[in-house]
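Q: give me the fold of what follows.
(2 chains)
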Amino acid sequence: MRAPHPAPHLVVVGASTGGLKAVRKILGPGDAEWPFAMIIALHRSDDSHGLAAALGGGVRDVDDKDALLAGRVYLAPAGYHLLVDGPVVSLSVDDPVRFSRPSIDVLFETAADAYGARTTGIILTGGNRDGSRGLARVAAEGGTALIQDPTTAESRVMPEAALDAVPNAQVLSLAEIGQVLRAFAPSEEFAHGY
Amino acid sequence: MTTVAAVDSVNTVLEQIEIDALLEAVFRHYGLDFRSYARASLTRRVRKFVDEEGVRTVSGVQDRVLHEEAAMQRLLSTLTVNVTSMFRDPGFYRSFRTHVAPLLRTYPYVRIWHAGCSTGEEVYSMAILLHEEGLLARTRIYATDIDEDALALAREGIYPLHKMKDYSRGYLAAGGNGSLSDYYTAAYESARLRGFLGERALFTRHNLAMDGAFAEFTAIVCRNVMIYFDRSLQDRVHKLFDESLVRLGVLALGTRESLRTHRSEPRYESLDAEQRIYRKVVA
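A: Prediction:
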């Protein structure tokens, strides 16, 4: 295994209702050596704890200014926005955006700002429309947009809103999204990332 | 042919050039330094300001701010005012009661620096806690912020009445001994905090990015303020706090902030690792 190094590619994941199960499914058992960094924003109450452990798959809680390293999976903390800030993450306690904190839009928009075309945005099940603007930004920057097939989602509001905003996104089942991530080959062309 | 994606990326780069120019101009003209603020948050706030001011570009903001001082005050408020509430993170206050109050009791006189107090909600929360722990009378809280408008609100200690229900829940979860309504009087739509809570607090201007140490403190509380700073500015502030703390003094950060990887880390031990409350162990 290689020493921790800055992530050349960033995968951002957003979900709310039913998100815990869906995220676990795409992460798999946690033995994958991802060639990218992954950040998950999952809506929940401000005082919820222990979600990182419940997600499994090597998911870790984020502290402000943690470096984005390849192979790591980061969880946006409850009650904070998580912003991608160049090679690190910054937290903020600004007002909720569209009633959400963490806001999936804020995560995805700052990911697109920092990683541009080297961003993959994934919208999963959810009961509100957060994430659609962020996914549109990812797509506009030339990044990859993936959406859980709304017909397979526990709540279809979020994936449908994302699809409205990004009609060209790939619509996939959870198993297929997992396959896309596992097929993500480490590549020398990404070696000059952050 | 230029693709939409390429145009967008060019705009992002151009926007950062304009923000660099704005921050440099504000620093040279007004002496206010935002160059080491965390860029992602700052960019979002500048975009919001562009919208609110009804200008077209960040360069338009620069023109207005350099030629109208009132616009500079508005920009300052937009860039710095942090959302705050009474008893945010009740677990922190519970831990402060358990781990810090007993330490403070060993001092005849307690000085607390609340750095980045914004509109004061957390200062009054701390004053209530200290009162219930029998410590308020021997304590002086130096509550500082960069923004005079926020400080003026903090001095008043008047908050929207409708927020008190949420704050009451926080107060009880924080281990409050009584009822939050013991500490304010309601009038119309407002809750005015009782005078004795503010009497031990001194609300005064201090800029963490530029100003130096000004007293020696028993404890420093700086929660969710440095998350808006980049690493270099965070290092500066940690050095400032280290210079300002007595030996065995207490440093309280936000629950997702860490001393880990900062130069001053070896000089501290954890009092409560989860709540990010530290104690300085060297002179």
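Q: CA only for contacts and neighbour counts going forward, please
A: OK.
Q: hmm, the one helix or strand in chain A whose mean pLDDT sits lowest in reach of chain B?
A: Lowest mean confidence among the helices and strands of chain A (mean pLDDT, DSSP states H and E): helix A:51-55, at a mean of 84. No - Helix A:51-55 is not in contact with chain B by C-alpha under 8 Å from any C-alpha of the partner chain; minimum separation 14.0 Å.
Q: elements contacting that helix?
A: helix A:19-27, strand A:59-61 (3 or more C-alpha pairs under 8 Å, 6 or more residues apart in numbering or on different chains; DSSP states H and E).
Q: following the shortest one, which helix or strand comes up?
A: Scanning forward in sequence from strand A:59-61 by DSSP states H and E, the next helix or strand is strand A:73-75.
Q: who are the packing partners of the next helix-or-strand element following that next one?
A: Downstream of strand A:73-75, the first helix or strand assigned by DSSP H and E is strand A:81-85. Judged by 3+ C-alpha pairs under 8 Å, 6+ apart, strand A:81-85 is in contact with strand A:88-92, helix A:104-115, helix B:39-53.
Q: any chance of these in JSON lines, plus mean neighbour count, distance to residue A:175 and mean pLDDT?
A: Shown next, in JSON lines, are these (neighbours: other C-alpha atoms under 10 Å in any protein chain shown; distance: least, C-alpha to C-alpha, whole Å; pLDDT from 0 to 100):
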{"stretch": "strand A:88-92", "mean neighbour count": "25", "distance to residue A:175": "28", "mean pLDDT": "97"}
{"stretch": "helix A:104-115", "mean neighbour count": "27", "distance to residue A:175": "22", "mean pLDDT": "97"}
{"stretch": "helix B:39-53", "mean neighbour count": "18", "distance to residue A:175": "33", "mean pLDDT": "96"}
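Q: go through the ones you listed and name the closest to residue B:193.
A: Of all the helices and strands packed on strand A:81-85, strand A:88-92 sits nearest to residue B:193, with 27.4 Å by C-alpha to C-alpha.
Q: packing partners of that closest one?
A: If you count contacts as 3+ C-alpha pairs under 8 Å, 6+ apart, strand A:88-92 packs onto strand A:81-85, helix B:39-53.
Q: any chance of these in TSV, with distance to residue B:238 too?
A: Output for these, formatted as TSV (distance: least, C-alpha to C-alpha, whole Å):
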stretch	distance to residue B:238
strand A:81-85	21
helix B:39-53	19
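Q: and the helices and strands packed on helix A:51-55: which comes nearest chain B?
A: Closest of the helices and strands packed on helix A:51-55 to chain B is strand A:59-61, at 8.8 Å (criterion: C-alpha to the nearest C-alpha).
Q: what strands flank the closest one, and is each parallel or antiparallel?
A: Strand A:59-61 has the following strand partners under DSSP bridges: strand A:73-75 (parallel).
Q: quick check: mean pLDDT of the strand it pairs with?
A: Across strand A:73-75, pLDDT averages out at 95.
Q: what does the stretch 101-250 of chain B have sitting close to chain A?
A: So the stretch 101-250 of chain B meets chain A at B:224, B:227-228, B:230-231 (C-alpha under 8 Å from any C-alpha).
Q: tell me which of those is nearest to residue B:76?
A: residue B:228 (13.7 Å).
Q: list, one by one, the residues from chain A near chain B.
A: Contacts of chain A with chain B, taken as C-alpha under 8 Å from any C-alpha, map to A:62-65, A:77, A:83-85, A:90-95, A:110, A:113, A:116, A:139-142.
Q: elements contacting the helix or strand hosting residue B:171?
A: Of the helices and strands defined by DSSP H and E, residue B:171 is found in helix B:164-173. Taking 3+ C-alpha pairs under 8 Å, 6+ apart as contact, the helices and strands that helix B:164-173 lies on are helix B:90-95.
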